[in-house]
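1. Here is a sequence with its predicted model. Questions after.
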Amino acid sequence: MIPFRGLKEGEHIFNFAVTDRFFDAYGSISEVHRGNITVEIKLIRESRMMTLNFILTGAVRIQCDRCLDLFDQPVDSREQLLVRFGSAREELAANILVVPEKDGVLDIQQYIYEYIHLALPLKRVHPDDTQGNSTCNPEMLNMLDKLVPHIHHNSTDPRWSALKDLKNFN
């Protein structure tokens, strides 16, 4: 929560620590169950609006798409939320919010939650080590290799080769 009633015009800094307890509040709906994120918010107060610049840094524990083990995914994100003062609360766009000035407090918990999830990559796999080797669970990689041998090798699927031949047909 950010108390904005009584804030003078200008820049104000707010810092929050997002820990495991934060994610526990969302239960099983969240992909993230553990994390340690530092959130710095630079709030610029003007007479009829506020601009909130979020800086999120830290790491969250998520499940690897390849081996299904948990790993720590770094988070480094910058987001902006524009808050205008109006008569009723209304979300005009993903980053534009209208709130009654008489409320005096802005609940930003849901925005922080969404910004953390937006910072996650689409492909969530263990990072490679310094030699470029996967750090995924080796037992799971061996099982995958037995089930689908071409996944972890540089060999090309023969179906793609046939399609490439069609491309060069003319």
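-> Received it, and whenever you're ready, just let me know what you need. The structure displayed is predicted, hence computed values, not measured ones. Numbering: from 1, shown residues only.
2. buried stuff in stretch 25-34?
-> Ser30, Glu31, Val32, His33 (16 or more other C-beta atoms under 10 Å). Glycine gets a C-beta too; all of them are placed from N, C-alpha and C.
3. Listing request: residues of this structure with sub-threshold pLDDT.
-> Low-confidence segments of the chain (pLDDT under 70): 149-158, 160, 168-170.
4. before we move on, the earlier item: which one of the buried residues of stretch 25-34 is nearest Asp76?
-> Of all the buried residues of stretch 25-34, Asp76 sits closest to Val32, with 15.1 Å by C-beta to C-beta.
5. hey, where'd the strands end up in the chain?
-> Listed in chain order, the strands of the chain (DSSP state E) span 2-3, 10-18, 34-45, 49-63, 70-86, 90-93, 96-100, 105-106.
6. OK, contacts around Lys8?
-> Arg45 (C-beta atoms under 8 Å, 6 or more residues apart in numbering).
7. Need the strands of the chain in TSV (columns: distance to Ser134).
-> Listed next are the strands of the chain as TSV, based on distance: least, C-beta to C-beta, whole Å:
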stretch	distance to Ser134
strand 2-3	42
strand 10-18	29
strand 34-45	22
strand 49-63	15
strand 70-86	11
strand 90-93	40
strand 96-100	42
strand 105-106	43
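8. Of those strands, which is nearest Leu166?
-> strand 49-63 (38.1 Å).
9. ok, now which ones touch the residue nearest to Asp65 when sequence neighbours are not counted?
-> Leaving out its chain neighbours, the residue that sits closest to Asp65 by C-beta to C-beta, 6 or more residues apart in numbering is Arg124, at 4.9 Å. By C-beta under 8 Å, 6+ apart, the contact set of Arg124 is Ile62, Gln63, Cys64, Asp65, Gln73.
10. Neighbour-wise, give me the winner out of the residues you listed.
-> Within those, Gln73 tops the neighbour count with 22 neighbours, counted by other C-beta atoms under 10 Å.
11. out of everything not next to it in sequence, what's closest to that one?
-> Excluding its sequence neighbours, the residue lying closest to Gln73 (C-beta to C-beta, 6+ apart) is Ile62, at 5.1 Å.
12. shouldn't that neighbour be in contact with Leu68?
-> No: applying C-beta atoms under 8 Å as the test, Ile62 and Leu68 come out as separate, 10.9 Å apart.
13. First-to-last residue distance for stretch 116-131?
-> 29 Å (C-alpha to C-alpha, to the nearest Å).
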